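[1] Fold the following and give me the result.
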Amino acid sequence: MTLPLAENPVRAGEARQRLQRAVRQKRLMSREGLSQFVFARLFTRLVYAQIWEDPDVDMRALRIAPGHHVVTIASGGCNALSYLIADPACIEAVDLNPAHVAFNRLKLAAIEHLPDHDHLRRFYGGGDDRANISAYERWLRPRLDGRTRGYWEARTISGRRRISIFRRKLYRHGALGIFIGWGHRIARMHGVDPTDLLRAHDIEDQRRYFETMLSPLFDKPVVRWMTRRKSSLFGLGIPPQQYDALAGSGEGMASVLHERVRKLACAFPLSENYFAWQAFGRGYGEAGAPLPPYLREENYDAVKARAARISIGNRSITELLASKPAASVDRFVLLDAQDWMSDAQLNALWREITRTARPGARVIFRTAAADNLLFGRLEPALLVRWRYHEQESRVLHEEDRSSIYGGFHLHSLEE
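    Numbering: from 1, shown residues only. Here you go, the predicted model:
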């Protein structure tokens, strides 16, 4: 059978318009408006082959229980799939980026229809084997809806089919993968190979390597020059609005990135942090290296058995919630999407969250800056309905291995 569509197919032009409406807040012929337009166009392509929010932290905050209904933004799909381990009744994942929708529908097909964990590990753990293309043709292609199949079989400007990235180092593709690749090139221009960090024996080794080899790179003129330009960081998934929030902190973007890379490199053992392997090794490493929960062998049977509980849609989370009955959702995962939003968009979203939340519902989100952006922006009548778990949020932020955000925030509906 083919994977079910969560909604009517969305035309490519309509998907682009939705992204433009979500991201653009200034008129096109202004400097800010042009920057937002360029970012929105970039986000119609694959950005994240791996999501950069820690699913183990998410699940500790969410406390998902059997029977729960979860709504989340999809991104690269690692977190939504990992939530299946907690046995929710339903996960609805949405994304404005049509490439992410196609990526997630392929990932669901792979979990449901590849014959065993070894095939799945090779497809999404390695992503660099010709056998993956044969596996796609045999087990996945017949199971995909026509729009998703069309996406993966379309040819890029290079003449290759998009599906070929699964035999060409998957995690070196997408806007973030390309950005990380440029970071490695710049480091090597200055005599530093970031992959050497992965040879560290312990956290002390990791810290020494960062301080002696990686830290000085952030003072190099080329790095300072690049980080002063919003467009150079689009590959990190930092939209103009997020850049402004970070740059306005007084530290300067190079200093902000320096401290976040420090945490990524030094705060967690390499044996536990697959985000560090992605950043410094551009992949998950060999057998025995850490993996996201959905890819771990001990979770394979549960994830596979429950994969049909996930649906993927090409729409905004506000649109999805507006279509749902009151008091029907238990858990909400917003990633960092609110950083992009105007006050009107933010309040429209929380009106729908509040309307559709069941008693005791939990909401998590991340912010590029440290502060919780709801305060001073959300309508008081909405904000008062939600309890902010400030201390727990700080603890969970420190435990987030991806290390790239300034803040993690947990709210629950006051009963």
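
[2] Roughly how far does L334 sit from D58?
    Relative to D58, L334 is positioned 11 Å away (Cβ to Cβ, to the nearest Å). Every C-beta, even on glycine, is put in place using the N, C-alpha and C of the backbone.

[3] what is in contact with the two at once?
    The overlap between the contact sets of L334 and D58 (Cβ atoms under 8 Å, 6 or more residues apart in numbering) consists of I364.

[4] Neighbour count for the two, which is higher?
    When L334 and D58 are compared for neighbours, D58 comes out ahead with 27 against 20, by other Cβ atoms under 10 Å.

[5] and that one, that one's in a helix?
    Yes - D58 sits within a helix when classified using DSSP: H, G, I helix; E, B strand; the rest coil.

[6] biggest strand in this protein, by residue count?
    Under DSSP state E, the strand in the chain containing the largest number of residues is strand 357-367.

[7] That strand pairs with which strands, parallel or anti?
    Within its sheet, strand 357-367 is paired with strand 329-333 (parallel), strand 407-413 (antiparallel), according to DSSP bridges.

[8] Do I have it right that M59 meets A86?
    Yes - with contacts defined as Cβ atoms under 8 Å, M59 counts as touching A86 at a distance of 6.0 Å.

[9] How are the strands of this structure distributed by residue range?
    Under the criterion DSSP E, the chain carries strands at the ranges 69-73, 90-94, 310-313, 329-333, 357-367, 386-388, 407-413.

[10] how about the nearest residue to H119 once chain neighbours are set aside, what does it touch?
    Taking Cβ to Cβ, 6 or more residues apart in numbering as the measure, H119 lies nearest to A135, with 5.8 Å between them; neighbours along the chain are not counted. With contacts defined as Cβ under 8 Å, 6+ apart, the neighbours of A135 are 114, 119, 122-123.

[11] neighbour-wise, which of those residues leads?
    Neighbour counts for the contacts of A135 peak at F123, which has 26 neighbours (criterion: other Cβ under 10 Å).

[12] residues in contact with it?
    110, 114, 132, 135, 166.

[13] do the same with H411
    H411 is in contact with 362-364, 374, 386-389, counting by Cβ under 8 Å, 6+ apart.

[14] Swap in 6 Å and give it another go.
    Listed by Cβ atoms under 6 Å, 6 or more residues apart in numbering, the contact set of H411 reads 363, 386, 388.

[15] again, but for E204
    Going by Cβ under 6 Å, 6+ apart, the list of residues near E204 is empty.

[16] repeat for N273
    Taking Cβ under 6 Å, 6+ apart as the definition, contacts of N273 comprise R401.

[17] which residues in the stretch 201-350 of the chain form helices?
    Applying DSSP state H, counting those that start in this stretch to the stretch 201-350 of the chain gives helices spanning 203-209, 221-227, 240-247, 253-266, 274-281, 300-306, 317-322, 343-356.

[18] Who are the packing partners of the last one?
    Same thing as helix 343-356. helix 317-322 (3 or more Cβ pairs under 6 Å, 6 or more residues apart in numbering; DSSP states H and E).

[19] Counting by contacts, list what the helix it packs on packs against.
    By 3+ Cβ pairs under 6 Å, 6+ apart, helix 317-322 packs against helix 343-356.

[20] The helix it packs on versus strand 357-367: what angle between them?
    Note on geometry: by axes from the mean of the first three to the mean of the last three Cα atoms, to 10 degrees, helix 343-356 and strand 357-367 are set 150 degrees apart in direction.

[21] For helix 343-356, what is the distance to the chain centroid?
    Relative to the centre of its chain, helix 343-356 is centred 22 Å away, using Cα atoms, centre = their mean, to the nearest Å.
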